[in-house]
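Coordinates only, no sequence provided:
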Ligand SMILES: *Cc1c(COP(=O)(O)O)cnc(C)c1O
């Protein structure tokens with residue numbers, strides 16, 4: 001019986017240039033974001049300038065995690081205690097956590113069978129709840145019809161915060177994911193598209209949102225030293241109005257990310273190559289179906305989702321453990337009890353209101369989820385899908 005013996009959690013090494021720069025920073029002892037000589041920009045501000053240019057947005061703030069980027073984005077966009085925040089119910093736990101942390105109240109919205117926010121349910125809940133914010137997670141890289149989402153947001157006067165943890169480098173109708181909404185958050189946590197252990201990026205074209213986020217990240221009134229910031233006048237009206245949450249990135253991690261920016265486009269192409277190999281192999285297995293991807297979407301295949309008619313909800317745990325025994329590490333977001341990076345919305349018990357969302361549950365009940373690390377090869381993809389096929393045929 002063939003087995004797969006490579007870990008699904010093994011990332012590639014940090015590029016040598018990043019390691020060298022990290023060592024230099026360590027030798028200098030100057031790691032804090034504002035520990036700079038008078039004429040020095042510093043690694044964090046440089047990263048912000050580079051990422052803003054790459055993303056095609058005016059402003060960028062580097063943060064200590066994707067979760068903190070989302071929190072700052074929500075607060076800077078205006079969310080405060082008791083405000084309602086619409087959010088698709090299929091996402092990762094830092095998302096409801098961010099809403100909770102800023103004192104917002106989540107209004108969970110259904111997803112469809114292709115893992116997008118359900119625009120009918122979004123319009124309905126926007127209308128009935130009166131919520132003025134939408135935190136849209138492009139979960140696992142699946143991008144909803146952004147024109148429809150933004151049309152609904154316009155109709156109801158909703159500010160859109162995009163969670164692009166899985167869509168760094170993705171596009172919709174040629175527009176980079178994150179540039180449709182008012183503000184976007186990215187993650188550089190180890191399993192995302194750039195790896196600094198933990199880390200995040202916030203981007204926006206809105207000068208006031210940018211200024212507020214910069215102050216809240218802990219600017220100690222040194223905001224003029226930031227790499228992609230609005231002009232100093234924008235800060236004047238808010239500089240003493242925003243609290244300090246101490247969550248900007250440090251030079252060490254910024255250096256690791258900067259070194260990966262130069263290979264980001266290449267890595268996106270490599271992810272998509274592996275994804276397409278897995279996708280076409282999986283499609284050849286009887287009874288397996290894959291999500292329908294919108295023609296307008298350019299995705300980054302850093303993970304893959306599939307469904308199988310053969311397995312009922314109750315069969316999935318056993319299927320996962322049989323694949324796991326052969327080295328194929330699959331995940332499931334349908335389990336009642338959250339485990340290992342997966343959780344279903346109804347396990348977020350700290351939320352005030354946990355609605356019944358039958359469409360979301362139905363989609364997650366049958367969805368198998370798999371990470372696609374860049375340390376895998378074409379042959380690895382073939383071995384993995386052979387094992388999946390054989391475990392499905394037993
Ligand atoms: C990883 C992730 C985040 C942010 O996570 P951090 O670990 O805080 O960087 C946000 N949303 C989704 C969907 C994620 O997968």
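Right, received. Where do you want to start? Owing to the predicted nature of the structure, the values given are computational and were not obtained by experimental measurement.

What parts of the chain come near the ligand?
When proximity is defined as Cβ under 6 Å from any ligand atom, the chain approaches the ligand at 65-67, 91-92, 94-95, 137, 139, 163, 165-166, 187, 189, 192, 200. (Each C-beta comes from the backbone N, C-alpha and C, glycine too.)

Now with 5 Å, please.
Within the chain, the positions lying close to the ligand (Cβ under 5 Å from any ligand atom) are 65, 66, 67, 91, 92, 94, 137, 163, 165, 187, 189.

Next step: those restricted to helices.
66, 67, 94 (DSSP state H).

The residue nearest to the first one when sequence neighbours are not counted bridge partners, please.
The shortest distance from residue 66 to any residue other than its chain neighbours is 2.7 Å, reached at residue 187 (Cβ to Cβ, 6 or more residues apart in numbering). Going by DSSP bridges, residue 187 is paired in beta bridges with residue 200.

what's the average pLDDT for the longest helix anywhere in the chain?
Ranked by number of residues, the top helix in the chain under DSSP H is helix 264-283. Computed over helix 264-283, the mean pLDDT rounds to 98.

How far does it sit from its chain's centre?
Centroid displacement of helix 264-283 relative to its chain, using Cα atoms, centre = their mean, to the nearest Å, is 18 Å.

starting at the chain centroid, how far to whichever helix or strand comes after it?
Of the helices and strands lying after helix 264-283 in sequence (DSSP states H and E), the nearest is strand 288-289. Chain-centre distance of strand 288-289: 25 Å, with Cα atoms, centre = their mean.

tell me what the longest helix of the chain is packed against?
strand 303-308, helix 378-393 (3 or more Cβ pairs under 8 Å, 6 or more residues apart in numbering; DSSP states H and E).

which residues are contacting it?
Residues outside helix 264-283 that contact it (Cβ atoms under 8 Å, 6 or more residues apart in numbering): 54, 168-169, 193-194, 260, 288, 290, 299-302, 304, 306, 370, 372, 374, 376, 378, 381-382, 384-385, 388.

Same check on stretch 346-363?
With Cβ under 8 Å, 6+ apart as the test, stretch 346-363 has contacts from 89-90, 93, 96, 99-100, 105-108, 110-113, 115, 118, 121, 334, 336-338, 344-345.

So which of the residues you listed belong to helices?
Using DSSP H, the subset of those located in helices is 96, 99, 100, 121.

Quick one: which of the residues you listed is the most crowded by neighbours?
Of all the ones in helices among the contacts of stretch 346-363, the most densely surrounded is residue 99 (28 neighbours; neighbours counted as other Cβ atoms under 10 Å).

How much space separates it from residue 131?
As defined by Cβ to Cβ, to the nearest Å, residue 99 lies at a distance of 11 Å from residue 131.

what's the overlap in contacts for the two?
When contacts are counted by Cβ under 8 Å, 6+ apart, residue 99 and residue 131 have residue 85 as shared neighbours.

And the residue of the stretch 251-394 of the chain that's closest to the ligand?
Residue of the stretch 251-394 of the chain nearest the ligand, by Cβ to the nearest ligand atom: residue 341 (8.3 Å).

What about that residue, how many residues nearby?
12.

Test my guess that it contacts residue 94.
No: assessed by Cβ atoms under 8 Å, residue 341 is found out of contact with residue 94, at 10.8 Å.

Next secondary structure after the helix or strand of the chain with the lowest mean pLDDT?
Averaged element by element with mean pLDDT, DSSP states H and E, the chain has its least confident helix or strand at strand 331-332 (a mean of 90). Next along the chain after strand 331-332, taking DSSP H and E as the criterion, comes helix 358-365.

Name the strands paired with the following helix or strand past that following helix and say parallel or antiparallel.
Sequence-wise, the next helix or strand downstream of helix 358-365 (DSSP H and E) is strand 367-371. If you go by DSSP bridges, strand 367-371 pairs up with strand 303-308 (antiparallel), strand 331-332 (antiparallel).

What residues sit buried inside strand 367-371?
367, 368, 369, 370, 371 (16 or more other Cβ atoms under 10 Å).

Kindly present the residues you listed as a markdown table, with separate columns for pLDDT and distance to residue 315.
As requested, those are arranged in a markdown table below (pLDDT from 0 to 100; distance: Cβ to Cβ, whole Å):
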| residue | pLDDT | distance to residue 315 |
| --- | --- | --- |
| 367 | 91 | 13 |
| 368 | 93 | 11 |
| 369 | 93 | 16 |
| 370 | 96 | 17 |
| 371 | 95 | 22 |
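
between those, which is closest to residue 2?
Taking Cβ to Cβ as the measure, residue 2 lies nearest residue 370 of the buried residues of strand 367-371, at 17.1 Å.

Mind giving me the packing neighbours of whichever helix or strand residue 69 is part of?
Per DSSP H and E, residue 69 falls inside helix 66-77. With contacts taken as 3+ Cβ pairs under 8 Å, 6+ apart, helix 66-77 sits against strand 59-63, helix 94-101, strand 133-137, strand 159-163, strand 183-187, strand 200-204, helix 207-216.

make it 6 Å
Applying 3 or more Cβ pairs under 6 Å, 6 or more residues apart in numbering; DSSP states H and E, one finds that helix 66-77 contacts helix 94-101, strand 159-163, strand 183-187, strand 200-204, helix 207-216.

Among the ones in helices among the residues of the chain next to the ligand, which one sits closest to residue 39?
Comparing those against residue 39 with Cβ to Cβ places residue 66 closest, at 31.8 Å.

List the contacts of that closest one.
Residues near residue 66 by Cβ atoms under 6 Å, 6 or more residues apart in numbering: 165, 185, 187, 189, 200.

redo that, cut-off 8 Å
Applying Cβ under 8 Å, 6+ apart to residue 66 gives the contacts 94, 163, 165, 185, 186, 187, 188, 189, 192, 199, 200.

out of the helices and strands packed on helix 264-283, deepest packed?
Mean neighbour count, computed with mean count of other Cβ atoms under 10 Å, is highest for strand 303-308 among the helices and strands packed on helix 264-283, reaching a mean of 20.

Lovely, talk soon.
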